[in-house]
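K.L.:
Structure for this input, please:
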Amino acid sequence: MKTLFQMDQVGTDLEAAMGFVVEETPLSESSYEYACTITRGAWMERDKIDKMIQDCSSDWKVSRMASVDRNILRISIYEMFYLHDIPKQVAIDEAVEMAKKYGGEDSGRFVNGILGSLIGGETVDLDPGN
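P.N.:
So this is what the prediction gives:
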C-alpha cells in the first residue's frame with residue numbers, strides 16, 4: 001500500500017518506491033516479490049479498477065477519495081479479481097484492517113462498503129465501535 005501510495009501521489013516508479021519502503025520495512029524475498037506483483041498489477045490495471053470503484057461509489061469520485069483509501073481499494077480489488085488464489089473475504093478483511101490502521105476514522109467502513117458492493121453485499125462484519 002505504501003508503494004502504491006507513493007506512485008499515486010508523486011509519480012515515483014515502482015522500483016524507487018519499493019526501495020524506499022524496503023528501507024523502512026525490510027521484507028523477505030517472497031514478500032518483496034508478492035508486493036511487487038500486486039503493486040505493479042494494481043497500477044497497470046488502475047483505470048479498470050478505478051471504474052469498478054466508481055461504479056460502487058455514488059457519492060465520491062475516485063480522484064476525490066482519500067489516497068490511502070483509494071490505494072487500499074486498488075490493491076484489494078486487484079487481489080480479488082486478478083489473482084484467483086486469494087479468497088475475496090480474506091482480501092476484504094486485510095483491506096479493512098489496513099484502512100483502520102492507515103486511513104481516517106471512517107476508512108474501514110468505507111473500504112468495507114465498496115468491496116462488499118463489488119461482491120454482492122458480502123462484507124466483513126465490522127464492530128460499529130471501530
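
K.L.:
Do I have it right that L27 meets G19?
P.N.:
No: contact between L27 and G19 fails when scored by Cβ atoms under 8 Å: they sit 11.3 Å apart. Just so you know, the C-beta spots here come from the backbone N, C-alpha and C atoms, and that holds for glycine as well.

K.L.:
Of all the residues in the helix or strand hosting E15, which ones are buried?
P.N.:
Following DSSP states H and E, one finds E15 within helix 14-24. By neighbour count on 16 or more other Cβ atoms under 10 Å, the buried set for helix 14-24 is L14, A17, M18, V21.

K.L.:
who touches the second one in this structure?
P.N.:
What it means is A17. By Cβ atoms under 8 Å, 6 or more residues apart in numbering, A17 lies in contact with K2, T3, L4, Q6, M7, T39.

K.L.:
Just those residues: which are in helices?
P.N.:
K2, T3, L4, Q6, M7, T39 (DSSP state H).

K.L.:
burial count for the fourth one?
P.N.:
Here the number of neighbours of Q6 (other Cβ atoms under 10 Å) works out to 21.

K.L.:
Against V21, how distant is it?
P.N.:
According to Cβ to Cβ, to the nearest Å, Q6 stands 8 Å off from V21.

K.L.:
residue nearest the centroid of this structure?
P.N.:
The residue lying closest to the centre of the chain (Cα atoms, centre = their mean) is I72, at 2.0 Å.
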